[in-house]
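Q: dropping the sequence and predicted coords here.
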Amino acid sequence: MKLKYALITGASRGIGKAIAVKLAKELKYNILLNYNSNDAAAEETKSQIEAEGVACNIIKCDVSNSEKTQIVLKEWEENNPEAVVEVLVNNAGITKDGLFVFMKQQDWTQVLNTSLSGFYNFTQPVLKKMLLQRYGRVINIVSLSGLKGNAGQVNYSAAKGGIIAATKALAQEVGKRNVTVNAVAPGYIKSDMTANFDEKELKKHVPLNRFGEAEEVAELVCFLASKKASYITGEVININGGLYS
């Protein structure tokens, strides 16, 4: 019998961590946890996941590094021949904010590579197995910025906008094989990425008058990863307190 796994990129902290723990708790998936640099946070998240009675394997790599991602995924597959990835959550992303006219080439490239190349590097190899097993869930964590644009985030908006377009196109390619592809677009969510935001001022623009919690995003992802969402694909679902609907 195959051991069913959910793979989450950028999952040592924040939204990624909340998603990994939720999928372990609610859907009882074993977790394949990707992270890039924070060893202590990854180990802490691993412990929380294992406390839910499932296995948690860690794969450390920069998602934008094609060669490295191929190596770690192949090693994991060879060491876990009985495992099958049913759910992939592309969550890894970074910001390098600044006005476009002053933006350094490196800041443009790093942000796009993390989101877009990261999406390619993980989704393509995992998707091939999903198509063979005729079942899978690909869930891409995008952003309000990718839908409406955000001043000072031209690179991040472009990266997330690209993933939104890829979500819609890929859903059309793989639907006949019972693989769904959807995106979740959070607004202001309490996390490391929004730690320096002026929450008191910004929440005035949110109809629900607050920032969201990572666990609330995880609830939505958990639904999309479940069999309850079998007839939903190619969608971008906002979770932003009504800020942009």
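A: All right, it came through fine. Numbering: from 1, shown residues only.

Q: run through the residues that contact the residue nearest in space to the middle of the chain.
A: The chain has N91 as the residue nearest its centroid, 1.9 Å off, counting by CA atoms, centre = their mean. Counting by CB atoms under 8 Å, 6 or more residues apart in numbering, N91 makes contact with 8-11, 15-16, 19, 141. In this view, the C-beta of every residue, glycine as well, is placed from N, C-alpha and C.

Q: now tabulate those residues in TSV and tack on pLDDT and distance to I189.
A: TSV is the format used below for the contacts of N91 (pLDDT from 0 to 100; distance: CB to CB, whole Å):
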residue	pLDDT	distance to I189
I8	98	16
T9	98	17
G10	96	14
A11	96	15
I15	96	6
G16	97	12
I19	98	12
I141	98	10
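
Q: quick check: the gap between T114 and I8.
A: 15 Å (CB to CB, to the nearest Å).

Q: same check, this time on D97
A: 24 Å.

Q: show me which of the two is the more surrounded one.
A: Neighbour tally, D97 and I8, criterion other CB atoms under 10 Å: the higher count belongs to I8, 33 against 16.

Q: who does that one form a beta bridge with?
A: L33, V89 (DSSP bridges).

Q: correct me if wrong: it contacts L33.
A: Yes: under the criterion of CB atoms under 8 Å, I8 makes contact with L33 at 6.2 Å.

Q: packing partners of the helix or strand bottoming out on mean pLDDT in the chain?
A: When each helix and strand of the chain is scored by mean pLDDT, DSSP states H and E, helix 199-202 comes last, with a mean of 78. With contacts defined as 3 or more CB pairs under 8 Å, 6 or more residues apart in numbering; DSSP states H and E, helix 199-202 has no helix or strand neighbours.

Q: low pLDDT regions in the protein?
A: 193-195, 245 (pLDDT under 70).

Q: now do the strands in it.
A: Applying DSSP state E to the chain gives strands spanning 3-8, 30-35, 56-60, 83-90, 136-141, 179-186, 236-239.
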